[in-house]
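A.B. asks: predicted structure and sequence below. I'll ask about it afterward.
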Amino acid sequence: MPDVTHDDAPLLADLMPWSVAPPRLGRAWPAAPDAASLKARWDALVKAEGPDREALFGVTRARNLHSAVGQLPGQSSGTVRLARASGPCAEPVRVLAGPFDEQWLIPDHRLIDAARPELWRVADAHQVFAVEQAPAPDGPALLAASVLPVTPPHPKTAPAARPGRVRPLYRRPGGLEPNLAPGLLELLTGHLGHTPTALDVLAWTLALARPGPNGPTVPLTTDPELWARGTDLGHRMLRLARRDGERPRLPGGRRPYVRAPLPAFPVALRYDRDEETLHLDEGRISPVPPAAWDFEVGGVRVLEQWFGGRITRPEPGTLEAIRPTAWPQPWTSELLEVVTVLALLAELRPQQAALELRSPLSTKALHKAGVLPPPNRTRRPATVLTHPEEGPEGQFTLL
C-alpha cells in the first residue's frame with residue numbers, strides 16, 4: 001500500500017460526501033452468473049400459484065407477493081403485485097456480486113428487499129461506483145466498478161468480503177455534478193496549475209486510499225509531478241477494474257490458457273504454486289501467477305470466492321436450483337479475464353508503494369480553504385427531475 005508520511009489525510013467520506021449502502025437483495029435467486037437461468041427462474045415463479053408461488057419467492061419482512069413498489073429507475077419491470085404477475089421478466093442487467101465478479105440480476109423492485117433507487121437513478125454509461133472494502137493487511141481499501149454493486153444473501157460469504165458504502169462519482173445522470181466536496185477541484189487547480197477532472201480525483205483516490213478507523217483516508221498533494229504519477233497509475237487501475245475498453249491482456253507467454261479441458265461441472269478448485277496452474281477438478285488453466293491467486297479483498301481470496309459463487313449447490317426444489325447443468329463456456333472466458341485483471345493489478349502494487357507523499361494538502365488546509373466540511377446537502381442524493389417513474393400498479397410519479 002502507499003507509503004504515507006503523515007496522519008492528517010482527509011476522509012474519503014468528506015471528499016466524496018454522498019454515499020449509499022449497496023442494494024441488499026434479501027433472496028439469492030434473482031441474481032446468477034448467467035442470464036438464462038434468471039429467465040427460467042422467473043418463468044417457474046409465475047407458473048406457480050398460491051402457496052407454491054409464495055414458497056418459491058422467499059418471503060421476508062421487506063417483501064412478499066403483495067408488496068406494492070414502483071419500478072426501479074431506468075428499468076422496465078412490471079409493477080403489479082407479484083401474486084398476480086405474469087409474462088416474461090425484466091431483461092437481466094450486469095451487477096457486481098463480489099470483488100471482480102460481475103453477474104446478472106433481474107432489475108425488478110418487487111424482488112429486492114432494499115434496492116436503493118437513488119443509485120439506480122444515476123447508474124448509466126458515465127457513472128463509476130467507488131466501493132469501500134473492509135480493512136485487510138494486503139487488500140485494497142477501495143474498488144471501482146462501472147456496474148452497480150449489490151449484496152447477495154449468501155450466508156457462506158464472509159462479512160469482510162461484502163461491499164461497504166457505495167460512492168457514485170456523479171450525483172446526476174449523464175456524468176453531471178461530481179460527487180466531490182464543493183471547491184475541491186478549484187483548490188487543486190490552484191496548486192497543480194491545471195484543472196483535474198472528477199475522474200482524475202477518483203483515479204488518484206484509487207491509487208492512494210488507505211484504510212482508517214473511520215473509513216478510508218485519501219492523502220492529497222500539491223506537487224504537480226506526484227499528482228501526475230498518482231493519477232496515471234490510478235487511471236490504469238480504473239481501466240482494469242471497470243473492464244473499460246479492450247480486454248486486458250498479459251504479455252505473450254504469460255497469458256493464461258486452458259491447458260486441459262474443464263469437466264462438465266467442476267466442483268473443486270486447487271492451485272499449484274510451483275507450476276502456476278489452476279486446477280478445476282481435472283481441468284487446468286495456466287500460467288496463473290501466484291500474485292493473482294493470492295489477491296485478496298477484505299481478507300478473502302478473490303478467485304476462490306468467484307469460483308464458489310458458481311458451484312454452490314442450492315437446495316433442490318428452490319428457484320436457485322435452476323442453473324446450468326454444465327459449466328458454460330462464457331464462465332471460462334470470464335475466469336481467464338479475472339485472472340488477467342488480478343495479475344495486472346498486482347503488478348501495479350510496487351508503483352503504489354513507491355508513491356511517497358510530498359507537499360501534502362492536509363485536512364487542516366482543506367478546512368482553512370473552506371472545502372471541508374462539505375455542506376450537509378452534498379451528503380444527500382440530488383433531486384433528479386428528468387423523467388417520470390412508474391409507481392405501484394402502473395401509477396406514475398415524478399421524482
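C.D. replies: It's in.

A.B. asks: distance from the chain centre to stretch 233-247, please.
C.D. replies: 14 Å (C-alpha atoms, centre = their mean, to the nearest Å).

A.B. asks: setting the sequence-adjacent residues aside, check what's closest to residue 276.
C.D. replies: residue 287 (4.3 Å; C-beta to C-beta, 6 or more residues apart in numbering). Glycine gets a C-beta too; all of them are placed from N, C-alpha and C.

A.B. asks: isn't that neighbour up against residue 254?
C.D. replies: Yes - counting by C-beta atoms under 8 Å, residue 254 is a contact partner of residue 287 at 6.1 Å.

A.B. asks: more neighbours: these two, which one.
C.D. replies: residue 287 (19 against 13; other C-beta atoms under 10 Å).

A.B. asks: now do the residue lying farthest from the centre of the chain against residue 84, distance only.
C.D. replies: In the chain, the greatest distance from the average C-alpha position (C-alpha atoms, centre = their mean) is reached by residue 50, at 36.0 Å. Distance of residue 50 to residue 84, given as C-beta to C-beta, to the nearest Å: 12 Å.

A.B. asks: now residue 343
C.D. replies: For residue 343, the distance to residue 84 (C-beta to C-beta) stands at 50 Å.

A.B. asks: also residue 215?
C.D. replies: 44 Å.

A.B. asks: what about those two, which has more around it?
C.D. replies: Per other C-beta under 10 Å, whichever of residue 215 and residue 84 has more neighbours is residue 215, with 17 against 11.

A.B. asks: so which residues of the stretch 101-250 of the chain form helices?
C.D. replies: With DSSP state H, counting those that start in this stretch as the criterion, the stretch 101-250 of the chain has helices at 117-120, 184-192, 198-208, 224-242.

A.B. asks: quick one: those helices as TSV, columns for mean pLDDT and mean neighbour count too.
C.D. replies: Output for the helices of the stretch 101-250 of the chain, formatted as TSV (pLDDT from 0 to 100; neighbours: other C-beta atoms under 10 Å):
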stretch	mean pLDDT	mean neighbour count
helix 117-120	97	20
helix 184-192	98	17
helix 198-208	98	24
helix 224-242	96	19
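
A.B. asks: quick one, what contacts the residue nearest to residue 203 when sequence neighbours are not counted?
C.D. replies: Sequence neighbours aside, residue 234 is the residue nearest to residue 203 in space, at 3.0 Å (criterion: C-beta to C-beta, 6+ apart). The neighbourhood of residue 234, defined by C-beta atoms under 8 Å, 6 or more residues apart in numbering, consists of 200, 202-208.

A.B. asks: can you rerun that using 10 Å?
C.D. replies: By C-beta atoms under 10 Å, 6 or more residues apart in numbering, the contact list for residue 234 reads 144, 199-209, 348, 352, 355.

A.B. asks: can you give me the neighbour number for the residue nearest to residue 299 when sequence neighbours are not counted?
C.D. replies: The spatial neighbour of residue 299 that comes closest, neighbours along the chain excluded (C-beta to C-beta, 6+ apart), is residue 136 at 4.4 Å. Neighbourhood size, residue 136 [other C-beta under 10 Å]: 16.

A.B. asks: I figured residue 136 hits residue 302, correct?
C.D. replies: No - under the criterion of C-beta atoms under 10 Å, residue 136 makes no contact with residue 302, lying 11.7 Å away.

A.B. asks: show me which helix runs longest in the chain.
C.D. replies: Under DSSP state H, the helix in the chain containing the largest number of residues is helix 329-353.

A.B. asks: isn't residue 302 up against residue 98?
C.D. replies: Yes - at 7.9 Å, residue 302 counts as touching residue 98 under the criterion of C-beta under 10 Å.

A.B. asks: now the common contact residues for residue 50 and residue 84.
C.D. replies: Shared contacts of residue 50 and residue 84, counting by C-beta under 10 Å, 6+ apart, come down to residue 65.

A.B. asks: give me the pLDDT for the nearest residue to residue 73 once chain neighbours are set aside.
C.D. replies: Excluding its sequence neighbours, the residue lying closest to residue 73 (C-beta to C-beta, 6+ apart) is residue 121, at 4.1 Å. Turning to residue 121, the model gives it a pLDDT of 96.

A.B. asks: how many other residues sit next to residue 121?
C.D. replies: 22.

A.B. asks: ok, the nearest residue to residue 296 once chain neighbours are set aside to residue 216 distance?
C.D. replies: Distances taken as C-beta to C-beta, 6+ apart put residue 139 closest to residue 296, at 5.0 Å, once the chain neighbours are dropped. Going from residue 139 to residue 216 by C-beta to C-beta gives 12 Å.

A.B. asks: okay, and the common contacts of these two?
C.D. replies: Shared contacts of residue 139 and residue 216, counting by C-beta under 10 Å, 6+ apart, come down to residue 133.

A.B. asks: who has more neighbours out of those two?
C.D. replies: Set residue 139 next to residue 216 and count neighbours by other C-beta under 10 Å: residue 216 wins out with 26 against 21.

A.B. asks: that one against residue 19, yeah?
C.D. replies: No - here residue 216 does not reach residue 19: they are 11.1 Å apart, not a contact under C-beta under 10 Å.

A.B. asks: shared neighbours, these two?
C.D. replies: The contact sets of residue 216 and residue 19 overlap at 12-13, 130, 132, 164-165, 167 (C-beta under 10 Å, 6+ apart).
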